[in-house]
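# How does the following fold in three dimensions:
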Amino acid sequence: MTARFRSIDDLPLFASEDDLSTALMGTGKITVWRQIAPLLEGDGFPKIDALMGGRYTPAVRAFFDREYRLNAAHPVAARDGPEALGTWKNSRKIARPG
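Next up is the predicted model:
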């Protein structure tokens, strides 16, 4: 990877395995990346585009965003109405020793 790429945002639209491995894992990790990438492809990681000679970088980012649920909507608890404190009654009778 050349020094001009420091993060995935700096990569070209179709990035080489060398460039991706450095942006995602740091320098010197290409051997590890070549073992990991095929495993990720089984989970939907974008494959190398034969015509363009690299992986589509926005799809790579989208894969990891989905993987780590960065785009997932966080449900917010909705109010169910005003509180009526003191209206709850325990319907169980407590057996007391006689």
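# quick one: pLDDT of residue 71?
Turning to residue 71, the model gives it a pLDDT of 71.
# now it, nearest residue through space, not along the chain?
Ranked by C-beta to C-beta, 6 or more residues apart in numbering and with sequence neighbours excluded, the top spatial neighbour of residue 71 is residue 65, at 5.3 Å. Just so you know, the C-beta spots here come from the backbone N, C-alpha and C atoms, and that holds for glycine as well.
# where does residue 15 fall, phi/psi-wise?
When quoted as degrees, to the nearest 10, the phi and psi of residue 15 stand at phi -100, psi 150.
# Next one: the residue positioned nearest the centre of the chain from residue 40, what distance?
With distances taken as C-alpha atoms, centre = their mean, residue 68 lies nearest the centre of the chain, 2.0 Å away. Residue 68 sits 13 Å away from residue 40, going by C-beta to C-beta, to the nearest Å.
# Would you map the helices across this structure?
Here the chain has its helices, by DSSP state H, at 17-25, 30-41, 57-67.
# Turn the ones you listed into a markdown table, including mean neighbour count, distance to residue 49 and mean pLDDT.
A markdown table is the format used below for those (neighbours: other C-beta atoms under 10 Å; distance: least, C-beta to C-beta, whole Å; pLDDT from 0 to 100):
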| stretch | mean neighbour count | distance to residue 49 | mean pLDDT |
| --- | --- | --- | --- |
| helix 17-25 | 19 | 12 | 94 |
| helix 30-41 | 13 | 13 | 95 |
| helix 57-67 | 15 | 10 | 94 |
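# With distance to residue 87 added, can I get those in TSV?
Supplementary listing: these in TSV, determined by distance: least, C-beta to C-beta, whole Å:
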stretch	distance to residue 87
helix 17-25	56
helix 30-41	54
helix 57-67	45
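# With residue 6 as the reference, name the closest of those helices.
Distances from residue 6 to each of those were compared using C-beta to C-beta; the minimum, 7.5 Å, belongs to helix 17-25.
# For that closest one, which outside residues touch it?
1-2, 5-8, 10-12, 15, 29-30, 32-34, 37, 48, 54-55, 57, 60 (C-beta atoms under 8 Å, 6 or more residues apart in numbering).
# likewise stretch 66-73?
By C-beta under 8 Å, 6+ apart, the residues outside stretch 66-73 that reach it are 43, 65.
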